[in-house]
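A structural model of the following input is requested.
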Amino acid sequence: MLIALVDIANLLLSVVSWVIIIQVILSWLFAFNVLNTGSQGVRQLAIAIDRITAPLYRPIRRIMPDFGGIDFSPLVILILIQVIKKLLAGVVMQYYGM
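Okay, here's the model as predicted:
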């Protein structure tokens, strides 16, 4: 049962990681005018991803200092996700004595 719960948590954390990576890449493509923000579909995708990631970034942005236009909060969240995954793997290894 514990392994199933850890697997589900790992899957959800992986999905969140990919959403963050997609959001970062989209922001770069918008910044360099590779994607047109006038396109309704692209704009809706960006808004949806921003609504998903904004609650994750908000606490980190409050703590982190301003780096002059560079946002390190996605990187901090991705590092925290990897730490949580390692901790979950350690719990499973300790619980099952592997």
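
secondary structure class for Phe30?
Here Phe30 is helix, with the state taken from DSSP: H, G, I helix; E, B strand; the rest coil.

Now do the contacts for it.
With C-beta atoms under 8 Å, 6 or more residues apart in numbering as the criterion, the residues that contact Phe30 are 37, 46. In short, each C-beta sits where N, CA and C put it, glycine included.

Would you mind measuring from it to Val42?
9 Å (C-beta to C-beta, to the nearest Å).

same deal with Pro65?
32 Å.

ok, the two, which is more surrounded?
Neighbour count, other C-beta atoms under 10 Å: between Pro65 and Val42, Val42 has more, with 15 against 6.

Distance of that one relative to Asn36?
7 Å.

cool, and Met93?
Counting by C-beta to C-beta, the gap from Met93 to Asn36 is 48 Å.

Straight-line length of stretch 67-80, end to end?
Distance across stretch 67-80, first residue to last, is 20 Å (C-alpha to C-alpha, to the nearest Å).

buried sites along that stretch?
73-74, 76-77 (16 or more other C-beta atoms under 10 Å).

how about those, which pair is most distant?
The two members of those with the most space between them (C-beta to C-beta) are Pro74 and Val76, at 7.3 Å.

how about the nearest residue to Leu2, chain neighbours excluded?
When the adjacent residues along the chain are set aside, Leu2 lies closest to Tyr95, with 5.8 Å between them (C-beta to C-beta, 6 or more residues apart in numbering).

Count the residues that sit near Trp28.
11.

can you pull the contacts of it?
Applying C-beta under 8 Å, 6+ apart to Trp28 gives the contacts Val34.

at 10 Å instead, please
Contacts for Trp28 (C-beta atoms under 10 Å, 6 or more residues apart in numbering) come out as 34-35.

Just the buried positions in the strand or helix carrying Gln23, please.
Per DSSP states H and E, Gln23 falls inside helix 2-31. Using 16+ other C-beta under 10 Å as the test for burial, helix 2-31 gives 6, 10, 13, 16-17, 20, 23-24, 26-27.

Repeat that for stretch 30-46.
35, 46.
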